[in-house]
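Colleague: Got a predicted structure plus its sequence, pasted below:
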Amino acid sequence: PKGAMAFSGKYEFEGDENYDAFVQKIGLPSDKVEMGRNCKIVTEVVQNGNDFTWTQHFPGGRTTTNTFTVGQEADMETMGGKKFKATVKMEDGKLVADFPNYRHTAEICGGKLVEISTSSGVVYKRTSKKIA
């Protein structure tokens, strides 16, 4: 697939748009909302063909890891810690996944990791710069 190896790397949170509106829409608990605000999350992506390990390192040592293969159902975890099953697809070089109450896309754009989550018309965009 186009740009198949483009995702591997380590990315540090740089900025986001519409955070508050989005987390309200998905019903994130307020303690998690504060924890995630301007949070210097480091996202580490290891890609081997269609196999991905996607780890988010939060300040304070908490990590969330999702392992998936494009086109196959996988066990995933949301930013709120909920477990669910999803099939990640590759569309136009973007990874697309339908989470329980939002759709998430990730792409590499100009060397940055750009993630967009959409829930009932609210679009949350997070940009991370490559650090490794």
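Modeller: Yep, it's here.
Colleague: Every contact and neighbour count from this point should use C-alpha atoms.
Modeller: OK.
Colleague: so what does the worst-scoring helix or strand of the chain on mean pLDDT touch, helix or strand wise?
Modeller: Lowest by mean pLDDT, DSSP states H and E among the helices and strands of the chain is helix 30-36, with a mean of 83. For helix 30-36, not one helix or strand is in contact under the criterion 3 or more Cα pairs under 8 Å, 6 or more residues apart in numbering; DSSP states H and E.
Colleague: That one: how far from the chain's middle?
Modeller: 17 Å (Cα atoms, centre = their mean, to the nearest Å).
Colleague: Which positions in whichever helix or strand comes after that helix come out as buried?
Modeller: Next along the chain after helix 30-36, taking DSSP states H and E as the criterion, comes strand 42-48. Going by neighbour count (16 or more other Cα atoms under 10 Å), the buried part of strand 42-48 is V42, T43, E44, V45, V46, Q47.
Colleague: For the second one, give me its contacts.
Modeller: This means T43. T43 sits next to K10, Y11, E12, F13, W54, T55, Q56, H57 when contact means Cα atoms under 8 Å, 6 or more residues apart in numbering.
Colleague: ok, now the third one?
Modeller: Under the criterion of Cα under 8 Å, 6+ apart, the neighbours of E44 are S8, G9, K10, Y11, W54, T55, Q56, H57.
Colleague: Most neighbours out of the residues you listed, which is it?
Modeller: Y11 (23 neighbours; other Cα atoms under 10 Å).
Colleague: I'd like the distance from it to K129, if you could.
Modeller: 5 Å (Cα to Cα, to the nearest Å).
Colleague: Show me the common contact partners of those two, please.
Modeller: Common neighbours of Y11 and K129 (Cα under 8 Å, 6+ apart) are K112, L113.
Colleague: Y102 contacts V122, doesn't it?
Modeller: No. If you go by Cα atoms under 8 Å, Y102 and V122 don't touch, sitting 9.4 Å apart.
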